[in-house]
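**Student:** How does the following fold in three dimensions:
(chains A and B)
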Amino acid sequence: MPLYHTEDQAMLAETVTGFMADEGAIKKQLRHFRDMNCQDGFGHALWKQFAEMGLTGMLASEADGGMAMGHVEAGIVLKEIGRNLTPSPFLTTSVMGVTALSGGSDDLRGRWLPGVIAGESVLAVAVDESPKHRPERIACKAERAGNGFRLQGRKAFVVHGASADAIIVAARTSGSDSDVDGITLFAVPKDAAGLSHENLRLVDSAMASNVTFDNVELDGDCVIGEVDGGRELLNKVLRAGRIGAAAELTGVGQGAFGITTAYLKTRKQFGQLIGEFQALQHRAAHLYSELEIAEAAVIKAQQLLDGNSERADLMTSVAKAKASKACNLAVREGVQMHGGVGMTDEYDIGLYMKRDRALAEFMGDQYYHAERVAQLSGY
Amino acid sequence: MSDLDAFRAEIRAWLEENCPAEMREPVRDEADVCWGGRNFRFKNEAQKIWLERCVAKGYTVPDWPKPYGGAGMSPAEAKVWREECARIGARPPLSSFGIWMLGPALLKFGTEEQKAHYLNQIARGEIRWCQGYSEPGSGSDLVSLQTFGEDKGDHWVVNGQKIWTSYADKADWIFCLVRTDKTNKYQGISFLLFDMTTPGVTTRPIKLISGNSPFCETFFDNVVVPKNQIVGEVNRGWDVAKYLLGHEREMISGAGGGDRLNAIGAVAARNAGAHGLEDPILRAELAMFDVDALAYACMGEKFLDEAKVGKAHPAQPNMMKYAGTELNKRRHELLMAAGGATALEWESERTNGGTPARSWLRTKANSIEGGTSEVMLNVISKRILELPGA
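**Tutor:** Residues are numbered from 1 along each chain as shown, chains lettered A, B, ... in the order given. This is a model prediction of the structure:
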């Protein structure tokens, strides 16, 4: 399969690019909801528009009312989300949440997917329990109680957690914290008794919650997939989140790069355009090459994931790490090349820097994924 | 089964049948590379058989048209060919500047007669080519070259000097940039082809820091070149040269595959022996390198896919060359660090005559030859980013 978009994918990209630049623009969405101190951190009207565009159910099966598309297509949307810094629950809901629910029963999918596809529901995914991404270590416990389970523990950095209609929780149903087995995924409804949030605004203006489960009673229908055998499904959700975040990072990086090169072509100092200085040209050219390479790694990993390749896991980590490195360079160079105005809230480049930081952390940073590359490569 | 799947099955079966076991081993040194040419000495029978079998099928240049010695493969088929060769670790049957550089230029600029003649020779590995571009006073500023061809009616008489002519001492013919009009800088250069045995041509190898001499100085003293040995029009050789440079940069970038795209952490760990990689920070740097290398391999694949269907930016080979060569230098720095004192050995048998150290030193030329990294960055700035005044 060639490493570029098919005709259908290119058409989707064209549509989504226009839609996001228009409806998802920084002023209209990110700044608007930030400045009104919105406690969701995104606009529900836009989420409804996502549904009207057929984006919310991209990854759901046709039987479930979705489009049965893959990570390449979801990545097209995420890249444009990244480029416009569009706040939306697309990644946690339509990519990670739908991937999780696809491993669940007919009843469970019937309960949650129609709302998601209609743009009326939001999902969040709760995996990590510490400030760093450590899905290998899960202490949050679900013990059998009656016909169901009782959930006890805390989850950290649950993006959109307090806005979600259901939280997908990875909990331990047997074994000890670092065991591979003994994990079960649950779809916990937002109104479950004993569920509480510490809802926090993050540096990028997104909302994330530290969630406490204080003896939350769940009936057996909340279980997604197999009890104790949830690790494989969890890994699938993580891969979806990682490649999704990587795709969004390529958009953030390219967006930052775009406004930076535009600035180099308009800002004058010493009587000439600063883009004429070779010191800046070489750095911009280096950055261009890093962004191109990151994008290639991302599309390769997307294709491998969609094809269920054995190399998909390794290349997903390569893609997340590389996209993080390249995007981070883009925002740092972006602020520096903007000079003083790069430090102001008025200019957008700083918003890109903040978004990059949050996305870099989400689903594992470059250090986490480089370590994974080493381990998966056998050293 | 799709046509491409059927094609893959056919290629796989053919390779299984025809690629000798010795030709599936990694290339260890220069003698393992089949360069072809009048004076080439095959290292062993397997190398010879592998070349002959591929020549018979057009597989030395799979995507060239059949009348010119290729197999006429489509871009998608050529990708299958590369993937299937990579799958079994098959060595390239033939490596040559004719295939990588001159061939594409002839396909674009050559006359029908030139294509039929030279391309078939290249495909069969009969003629080994070298490239006469740089001069002592014209490195990055190549267009200032002074080697002059004086018009004598039905031929030119060429005088001057070239430098960094790779393997000139082993080559049969040269493709050479020669000034044919001293009054016009860009439109005063012609692209000439001539036999290295023509009277007046001499070469002298240059000893490099690696101790090896892959590059030469080449001198022309009243060398007679017939008028039909020009590619493209008189004084328009710079167009051919620029086009060919794109292919040279693509070649040096390693985009086509091979060792340069590989991750190295696992190899370094294996070579480290019983204790493994004991320096956690070196291991971390290897891991970060592997991220970059594996990502770059994707870029190589994407670039080739896009180039074959005209989707790649025409200046993209400059980006590939820049990124690929900088990566390769870093690769060898890390391999030296991982190898420790063993990698310092210059002549020992266990290092195959100092291969780690000599390879490390050789890579330093990667970001100089074929356009320096700095020139590549200039070109990216100007042609891709369209930054002002570059």
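**Student:** Against chain B, how distant is A:Gly342?
**Tutor:** In this view, A:Gly342 and chain B are 18 Å apart by Cβ to the nearest Cβ, to the nearest Å. C-betas here are computed from N, CA, C, even on glycine.
**Student:** correct me, but that residue touches A:Tyr352?
**Tutor:** No. Applying Cβ atoms under 8 Å, one finds A:Gly342 not in contact with A:Tyr352, separated by 10.1 Å.
**Student:** Now for these two: what residues contact both?
**Tutor:** Common contacts of A:Gly342 and A:Tyr352 (Cβ atoms under 8 Å, 6 or more residues apart in numbering or on different chains): A:Gly334.
**Student:** Provide a list of residue ranges in chain B with pLDDT below threshold.
**Tutor:** B:1, B:256-261, B:390 (pLDDT under 70).
**Student:** quick one: the helices in it?
**Tutor:** With helices called from DSSP state H, chain B shows them at B:3-18, B:45-57, B:75-88, B:97, B:103-109, B:112-114, B:120-123, B:237-253, B:265-271, B:280-308, B:316-339, B:355-363, B:373-379.
**Student:** Domain map for chain B?
**Tutor:** B:3-95, B:129-237, B:254-384 (automatic domain parsing).
**Student:** and the first one, how far apart are its ends?
**Tutor:** The first residue of domain B:3-95 is 29 Å away from its last residue (Cα to Cα, to the nearest Å).
**Student:** That domain and chain A in contact?
**Tutor:** Yes. For domain B:3-95, a contact with chain A is found by Cβ under 8 Å from any Cβ of the partner chain, at B:Pro75, B:Ala76, B:Lys79.
**Student:** Any chance of CSV for the domains of chain B, columns mean neighbour count?
**Tutor:** Below are these laid out as CSV (neighbours: other Cβ atoms under 10 Å in any protein chain shown):
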stretch, mean neighbour count
domain B:3-95, 17
domain B:129-237, 18
domain B:254-384, 19
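**Student:** Out of these, which gets nearest to A:Lys325?
**Tutor:** The minimum distance between A:Lys325 and the domains of chain B falls on domain B:254-384, with 7.4 Å, by Cβ to Cβ.
**Student:** Whether that closest one contacts chain A - can you check?
**Tutor:** Yes. Applying Cβ under 8 Å from any Cβ, one finds domain B:254-384 in contact with chain A at B:263, B:265-266, B:268-269, B:276-277, B:283-284, B:286-288, B:290-292, B:294-296, B:298-299, B:301-303, B:305-306, B:309, B:311, B:319, B:322-323, B:374, B:376-378, B:380-381, B:384.
**Student:** related to what we said a few turns ago, more neighbours: which of A:Gly342 and A:Tyr352?
**Tutor:** A:Tyr352 (28 against 18; other Cβ atoms under 10 Å in any protein chain shown).
**Student:** Quick check: the more buried one is in a strand.
**Tutor:** No. A:Tyr352: not assigned to a strand; according to DSSP: H, G, I helix; E, B strand; the rest coil it is helix.
**Student:** I figured A:Ala208 was touching A:Lys155, is that so?
**Tutor:** No. A:Ala208 is not in contact with A:Lys155 according to Cβ under 8 Å; the separation is 10.4 Å.
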